[in-house]
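> quick one, fold the following:
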Amino acid sequence: MKSFALFLVVICGMGGLGQKLKPKKRSNGEEINFRTKTKDVCTMSMNGDEEMKLRIECKSQGMSYWCEFTGKPSVCRAFRNNPKIYWNQIAMELRKLPHACKSTQVLKTTMCQKAPTEALMKQIAAGMEPEDLANQDKSVQKTSTSMRGAGKSPVKKIGKPPMLPLIKPTQRGQGSENETEAMKLAREHCWESLHGFCSYIIGIFRG
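Numbering: from 1, shown residues only. Just a heads-up that it's a prediction; the model follows:
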């Protein structure tokens, strides 16, 4: 009877040990935001189960860069016990760097420094590109379209003001002046009934 009870204790102990070594559930898609030593704004996201994938995206002075890592941190017992502390330690190490993706071919933590090498997160890809390049293209396209639309709008042409004709003295004007003087002389030297005739004769001679 005592041997049977001892057998049950051993079985329960092994079951508890198995539960203790079983990896804890990790929250896939979890993100951690941080800033590098040079104030680059970065986001770190994790996905996976046994083999984890880590992606880091950063923005720095009009440019954006990224890098990806893979590894099996689950072989580290400390990671299985508390994966959040593991990722926070990685974020703390990245905060000390001027660039989150340069000189980081392998990510190490103090809690798993004695773990097998397969537990290390190793960089597999990296890249850099202008920030908001697609938005800039859309802005340029919109500006070009608006300029083309403005070019199609009717433009009113301002014509030259009409030229005023030059007024030249005409013979008719001179004749009127002569006629006035002739009438004046006719009034002075002719009878009133002959003013018209005298004026006509005087105008001919002065003409």
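> so where is the protein shaky, pLDDT-wise?
Along the chain, segments meeting pLDDT under 70 span 1-28, 132-179, 207.
> the strands in this protein, which residues?
31-35, 41-48, 52-60, 63-71, 106-107, 121-130 (DSSP state E).
> which one of those lies closest to residue 84?
Residue 84 sits nearest to strand 31-35 of all the strands of the chain, at 9.2 Å, using C-beta to C-beta. C-beta coordinates here come from the backbone N, C-alpha and C atoms, glycine included.
> need the residues that contact the closest one.
For strand 31-35, the external contacting residues (C-beta atoms under 8 Å, 6 or more residues apart in numbering) are 41-45, 87-88, 91, 94-95.
> touching, residue 198 and residue 189? I think so.
Yes - Residue 198 lies in contact with residue 189 (C-beta atoms under 8 Å); the separation is 7.0 Å.
> can you add neighbour count and distance to residue 70 and give the contacts of strand 31-35 back as a markdown table?
Listed next are these as a markdown table, based on neighbours: other C-beta atoms under 10 Å; distance: C-beta to C-beta, whole Å:
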| residue | neighbour count | distance to residue 70 |
| --- | --- | --- |
| 41 | 13 | 24 |
| 42 | 22 | 18 |
| 43 | 15 | 18 |
| 44 | 21 | 14 |
| 45 | 15 | 13 |
| 87 | 24 | 14 |
| 88 | 15 | 19 |
| 91 | 15 | 18 |
| 94 | 23 | 17 |
| 95 | 13 | 22 |
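> what's the neighbour count on residue 60?
Neighbour count for residue 60, taken as other C-beta atoms under 10 Å: 18.
> what's the distance between the spatially closest residue to it that is not a sequence neighbour and residue 92?
Spatial nearest neighbour of residue 60, excluding adjacent residues (C-beta to C-beta, 6 or more residues apart in numbering): residue 40 at 4.2 Å. Distance of residue 40 to residue 92, given as C-beta to C-beta, to the nearest Å: 15 Å.
> looking at the two, which is more packed in?
Remark: of residue 40 and residue 92, residue 40 carries more neighbours, 21 against 12, as counted by other C-beta under 10 Å.
> the more buried one contacts residue 101, doesn't it?
No - counting by C-beta under 8 Å, residue 40 does not reach residue 101; the two are 9.7 Å apart.
> just to revisit the earlier point, out of residue 198 and residue 189, which sits in the busier spot?
Comparing residue 198 with residue 189 by other C-beta under 10 Å, the one with more neighbours is residue 198, at 18 against 11.
> dump the residue contacts of residue 129.
Residue 129 is in contact with 63-65, counting by C-beta under 8 Å, 6+ apart.
> from those, pick the one nearest residue 72.
residue 65 (25.6 Å).
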